[in-house]
Every structure is written in structure tokens, then in C-alpha cells.
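Visitor: The following block contains a protein sequence and its predicted model.
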Amino acid sequence: MKKIEIFDPAMCCATGVCGPSIDPELIRMAAVVHNLQTKGYDIKRYNLANDPDSFANHTVISQLLMEKGPDILPITLVNGNVEKERVYLTNEELMNLTGLTEQELTLKPRIRLKK
């Protein structure tokens with residue numbers, strides 16, 4: 001199984017899906033990451049504002065940031081190698097990496113409310 005790491009730009013919260021104007025791409029990525037984690041995939045997402053040590057301590061990421069600046073974010077690594085810069089992986093790219101269908105990848109999480 002492949003290890004996927006997503007290094008996000010600085011956002012207000014871990015997923016970036018809060019505030020007055022929510023980026024639909026961030027909602028898609030939050031659902032995808034949740035679904036992959038639920039299925040046991042090794043996927044982690046780091047936010048520059050909340051996890052600066054993860055950026056500083058990762059040789060590849062810190063080097064890219066020093067060379068190209070923060071506009072290079074988001075960066076996605078697969079097994080430690082740069083898979084994509086500046087934009088998130090598409091659903092099709094994630095399907096190719098994981099073998100999942102688009103429906104499995106984008107299933108919206110269901111939350112049960114307790115009475």
C-alpha cells in the first residue's frame with residue numbers, strides 16, 4: 001500500500017473547510033482523506049499553520065519551500081516522492097493510486113447524532 005502525504009498551505013483549521021467562503025476543492029479533499037483513512041490507507045495531511053514542524057523536518061518539503069516559496073503548496077508525496085505540486089491530486093489520479101472507484105473515494109461521511 002502506498003503512503004500518501006499532503007502538505008497544505010496555511011489554513012484556518014486542519015481541513016480548511018471553515019470560514020465565510022469555503023473552497024469546494026478543500027471539501028473534496030477532506031472527504032477523500034477521510035474515506036481513504038477509513039479504508040485503512042496510509043494518508044496524512046499537514047497544514048502549514050498547524051504543523052510547521054512537519055514541513056521543517058521533512059527534507060523534500062523544506063527544500064521545495066526554500067527553492068520555490070509557499071506558492072508551491074499544496075504538495076502531495078507518494079512513498080516520499082513528489083507526485084504533484086501547486087494543486088491537489090484529482091479523483092482520477094487518486095483512483096489510479098489506490099484502486100478505489102470514484103464512488104468509494106468521494107462518499108460523503110455520515111455522522112450519527114445522539115439523542
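Guide: On my side now, so go ahead.

Visitor: Please report the number of neighbouring residues for the nearest residue to Val87 once chain neighbours are set aside.
Guide: The shortest distance from Val87 to any residue other than its chain neighbours is 7.0 Å, reached at Pro74 (CB to CB, 6 or more residues apart in numbering). Backbone N, C-alpha and C define where each C-beta goes, glycine included. Neighbourhood size, Pro74 [other CB atoms under 10 Å]: 22.

Visitor: Mind pulling up the pLDDT for Pro74?
Guide: Note for Pro74: predicted pLDDT of 96.

Visitor: lowest confidence element among the helices and strands of this structure?
Guide: Every helix and strand in the chain was compared by mean pLDDT, DSSP states H and E; the lowest is helix 102-106, with a mean of 86.

Visitor: Which positions within it qualify as buried?
Guide: Burial within helix 102-106, assessed by neighbour count using 16 or more other CB atoms under 10 Å, is assigned to Leu105.

Visitor: What ranges in the chain fall below the confidence cut-off?
Guide: 13-21, 109-115 (pLDDT under 70).

Visitor: now do 90
Guide: 1, 10-28, 30-31, 102-115 (pLDDT under 90).

Visitor: In contact with Pro74: list those residues for me.
Guide: Contacts for Pro74 (CB atoms under 8 Å, 6 or more residues apart in numbering) come out as Ile6, Phe7, Asp8, Pro9, Lys84, Glu85, Arg86, Val87, Tyr88.

Visitor: What's the separation between the first one and Pro74?
Guide: What it means is Ile6. Going from Ile6 to Pro74 by CB to CB, to the nearest Å gives 6 Å.

Visitor: before we move on, the earlier item: measure the residue nearest to Val87 to Gly99 for me?
Guide: Remark: distance between Pro74 and Gly99 (CB to CB) = 23 Å.

Visitor: thinking again about what came up before, report the buried members of the contacts of Pro74.
Guide: Ile6, Phe7, Asp8, Tyr88.
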